[in-house]
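# sequence and predicted structure below; questions after.
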Amino acid sequence: MRMNHLGKLMLTATLAVIVGGSLTAAEKEGEHKAWHHGSLNAICTCENGHAEVRIDGDTLKLWLVGGGSDTNKAVRIPDKKIVLEITLNGSKTPVEKLTLTAKPNELAEENIGDCSQFEGKADWLRRAKLFVGTATIHFKGKSQTLRIEYPNGYDPD
Amino acid sequence: MNFPRIVFKSLRSHWLSTGLAIVSIALGVALLDAVVSLREQTHRNFTQEGLGVDAILGPKGSPLQITLNALYHLEEMPGKIKWSYYRKVLADDVVADGIPFITGHSYAGFRVNAIDDRFFSAFEYLPGQHFSFRSEDGGQGRVFSGNREAVAGSEAARLLNITLGKTFNPTCGVNAGDPVHVNDTITFVGIMAPTGTPHDRAVYIPLKSFYTLEGHGNDVRDMAVNEEHREISGAYLKIKRIRGNVLHPGIQDLKYNIGQSSQAQLVIPNEVLPRLFNIIGWVDHVIMGIALLVTLLALLFLFIALISALRERRRDLALLRCLGATRRTVMGLVLCESLFMAAAGALLGMIAGHLIVGLGCEMIRVETGLRFSAAYVSTADLYIVPAVLALGLLAAVIPAVQAYRLGVLKNLTLIS
Amino acid sequence: MVIKVEGLRLEYRTGAGMFPVLDIPSWKVGDQAQTAITGSSGSGKSTLLNILAGLLKPSAGSVEVCGTELTRLSESQRDKFRGKNLSYIFQTFNLLQGYTALENVMLGAAFTGNPLDRRSALALLARVGLSRRSGHYPSQLSIGEQQRVAISRSLAKKPKLILADEPTGSLDPFHSGEVVDLLCEACREHGCALILVSHEMKVAERFADRVDFMTLNLALSGMGGKK
């Protein structure tokens, strides 16, 4: 039986879920969508905001987005960079520092100091399987702790 | 006198109930066939690869409204975007090309869009298909070159009796009563070959000519030369491909990035239109349900017609048994009668269904430019005859079994 | 012999026990013979014809028609046998109402595997004097004309035996004689046997060979016993 376009989209999506395994744990976080196919990390609480993190090769990309279901809405911060203290592979002591510099979204008229996107490079990112990163950022006018748990995302709720 | 003739004679002897059964089946089948054909053709028209557009850069507002305006020349754009912003988007790594346009004018009810002339050479309205003005393709004339020139889509030209050299004054707006640019006379220099898309229903003028129309004010006039202040309604975007002709995966990041701006959004037609069909899908299901119900009721009528005909024919069937017909033969008679009525109803219904579509598609084409065809072979055409035959057989099971079990002597006693 | 019956018995089960309807120890009819069976109404003559036609199976005994033992055949086999070898004429309503006279005649051979063409069917109708009425429906024919069409139809398959059950029952005496004479002549011409059942003596007297059913069927006289 001929299938309409929506039917084909749904079948493809279903197959992708079955073949590719379940949705990533991060995408499951609070059932909120990670628009860049990264992992969502709540900033203090899920309703407060999220940091979506994705690793492409040796580059870590971070997007600051809204809380709740507003994960497609960028939240700009005045920080020019974010310095993450990295704890690798479940160890308790931070061993790395990763500096993420602001990467303004020009199409959204962002600037450094008024920016929602950050990027950082490091060789060890290519081999990273599990790490936790923490930093302090000025999010929504307050100093808040940013916690990133890769690859599953962070959800304190 | 052979078996088929006996079947035919039997049907003829009960011509009223036979005729009613065939007509009622035909009615149900016609409805079903027409609904399925129109539905499939609608889906095809509205989802054929976004009509050549990977994405539309448009102002903030309803994505559906933007899609309908940009691709189907319906609705109005909810705003404008800056030329400089369009140029920024054009420079993005995932964007291959862009064709800017301005909507909002009309002529005798048909939309007049100002557009970059690369629309006629670079734009593929369907995969591999470019607009043509060649006479062998059904076109005339050429693309506009001067500011006061226009080209018309084939359907607009036909309905407005547009010929090369004819002039018009565009209306500033798309509604009846909107003011006309009385001092701006534009000449038709080309008529596009038919494309079977909504572009057949539009009229096109050069992008810059929009800014120079009288009555728009000096600010707009300034946009013709000053890119900093220039605004457009939107732009058709072609996105780069990766291996296997797949859209660059960066399109979603691009969509996100543009979405964060205060003035624009990226609309992907192949995402918007299925959502539209999802919304109206339930209406579609209800109509299909009604059509199915009518068909089933018709088959129920067939069953009743067969049962009541059997009651009247017991004597005749007993006589046939007496003449040498076996139980299987009389059962076969009943089954064949039912199959004949079902087949006749199904075929008649399919023809009627195509006629209904034929009547409807002309109206749709005139109103929307979308091409529907009475000759389109839908899923219903492939399955409806076997399905109705199967149901016709099912409707005949009980009467056929009754004919099989007919007591010859009991019914012959009525004769002697 | 076109008919050979031995020890034929037919009984029906009733609340009071088994009720004998037919008890015929022995009966034979020669090829091309024409026999009239007389007897009062309700004596079982039609029942005997039904058994000979293969429409009813006896409780016991042997019934050989046209060389075939009917009691050994299944119902479907008896239907086919009847279709090829026997014709049956009833008292009334012999014809299918939705078919013309010609089509009714052609139906006579429809189940033989050897259908009758229009020309032959017209010839049969002409034999009974109805070639001009070939396109008429039964409702447009008199009872006598319908019986003549039935006679034509009975000859369509070139049967070996024609069974006629009170064929003149609905006719006046003049037309009765006409129909019986026609039937007998036609059977003689086509070389088939005829068994005619009638309660009318005037009809039976036209036959050289007559059988009194009271004598033939011992169940009527109560002289038959269980074997």
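Done, it's in.

# most proximal residue of chain C with respect to chain A?
Closest approach between chain C and chain A, counting by C-beta to the nearest C-beta: residue C:76, at 42.2 Å. Any C-beta I mention is one placed from the backbone N, CA and C, and that applies to glycine too.

# okay, and that residue sits in which element?
Secondary structure from DSSP states H and E places residue C:76 in helix C:75-85.

# check which element follows that helix along the chain.
Proceeding N to C from helix C:75-85, the next assigned helix or strand is strand C:86-89, under DSSP H and E.

# torsion angles phi and psi at residue B:18?
Dihedral pair for residue B:18: phi -60, psi -50, per degrees, to the nearest 10.

# wait, what's in contact with it?
B:11, B:12, B:305, B:337, B:341 (C-beta atoms under 8 Å, 6 or more residues apart in numbering or on different chains).

# and the residue nearest to residue A:112 when sequence neighbours are not counted, what are its bridge partners?
Nearest residue to residue A:112, sequence neighbours excluded (C-beta to C-beta, 6 or more residues apart in numbering or on different chains): residue A:102, at 4.6 Å. On the basis of DSSP bridges, residue A:102 is bridged to residue A:118.

# burial measure for residue A:102, as a count.
By other C-beta atoms under 10 Å in any protein chain shown, 21 other residues sit near residue A:102.

# list the buried residues of the longest helix along chain C.
Among the segments of chain C that qualify as a helix by DSSP state H, the longest is helix C:173-190. Buried residues in helix C:173-190, counted by 16 or more other C-beta atoms under 10 Å in any protein chain shown: C:175, C:176, C:178, C:179, C:180, C:182, C:183, C:184, C:186, C:187, C:190.

# tell me the contacts of the fourth one?
Counting by C-beta under 8 Å, 6+ apart, residue C:179 makes contact with C:144, C:147, C:148, C:151, C:167, C:168, C:171.

# what residue in chain C comes nearest to chain B?
residue C:83 (1.9 Å).

# which parts of the stretch 51-200 of chain B sit against chain A?
Residues of the stretch 51-200 of chain B that fall close to chain A, judged by C-beta under 8 Å from any C-beta of the partner chain: B:85, B:88, B:89, B:92.

# so which of those residues wins on neighbours?
The most neighbours of any of those, using other C-beta under 10 Å, belong to residue B:89, which has 23 neighbours.

# what's opposite the residue lying closest to that residue once chain neighbours are set aside in the beta bridge?
Of all residues not flanking residue B:89 in the chain, residue B:57 sits nearest, at 5.6 Å (C-beta to C-beta, 6+ apart). Residue B:57 has the following beta-bridge partners by DSSP bridges: residue B:235, residue B:266.

# what pLDDT is listed against residue B:57?
You'll see residue B:57 listed with a pLDDT of 96.

# what about it, distance to chain C?
Counting by C-beta to the nearest C-beta, to the nearest Å, the gap from residue B:57 to chain C is 74 Å.

# thinking again about what came up before, now do the same for the residue of chain C closest to chain B: its pLDDT.
Confidence score, pLDDT, at residue C:83: 89.

# again with residue C:222
62.

# hmm, back to that, so what's the residue lying closest to the residue of chain C closest to chain B once chain neighbours are set aside up against?
Leaving aside its chain neighbours, residue C:83 sits nearest to residue B:324 (1.9 Å; criterion: C-beta to C-beta, 6+ apart). Contacts for residue B:324 (C-beta under 8 Å, 6+ apart) come out as C:79, C:80, C:82, C:83, C:84, C:110, C:111, C:112, C:157.

# which of the residues you listed count as buried?
C:79, C:80, C:82, C:83, C:84, C:110, C:111, C:112, C:157.

# what about the strands in the stretch 1-150 of chain B?
Here the stretch 1-150 of chain B has its strands, by DSSP state E, counting those that start in this stretch, at B:55-59, B:81-82, B:95-107, B:110-115, B:124-126, B:129-130, B:140-141, B:149-152.

# which ones are touching the residue nearest to residue B:89?
Taking C-beta under 8 Å, 6+ apart, we find residue B:57 in contact with B:81, B:86, B:89, B:98, B:234, B:235, B:237, B:258, B:264, B:265, B:266, B:267.

# contacting residues for the first one?
Contact partners of residue B:81, counting by C-beta under 8 Å, 6+ apart, are B:57, B:58, B:59, B:231, B:232, B:233, B:234, B:263, B:264.

# please name the nearest non-neighbouring residue to residue B:343.
Nearest non-adjacent residue to residue B:343 (C-beta to C-beta, 6+ apart): residue B:389, at 6.0 Å.

# shaky segments in chain C?
For chain C, the stretches with pLDDT under 70 are C:221-227.

# 50 instead?
Applying pLDDT under 50 to chain C picks out residues C:225-227.

# how about the residues of it near chain B?
By C-beta under 8 Å from any C-beta, the part of chain C that sits against chain B consists of C:46, C:50, C:53, C:55-56, C:75-76, C:79-80, C:82-84, C:88, C:90-94, C:96-99, C:103, C:106-112, C:115-116, C:157, C:165-166.
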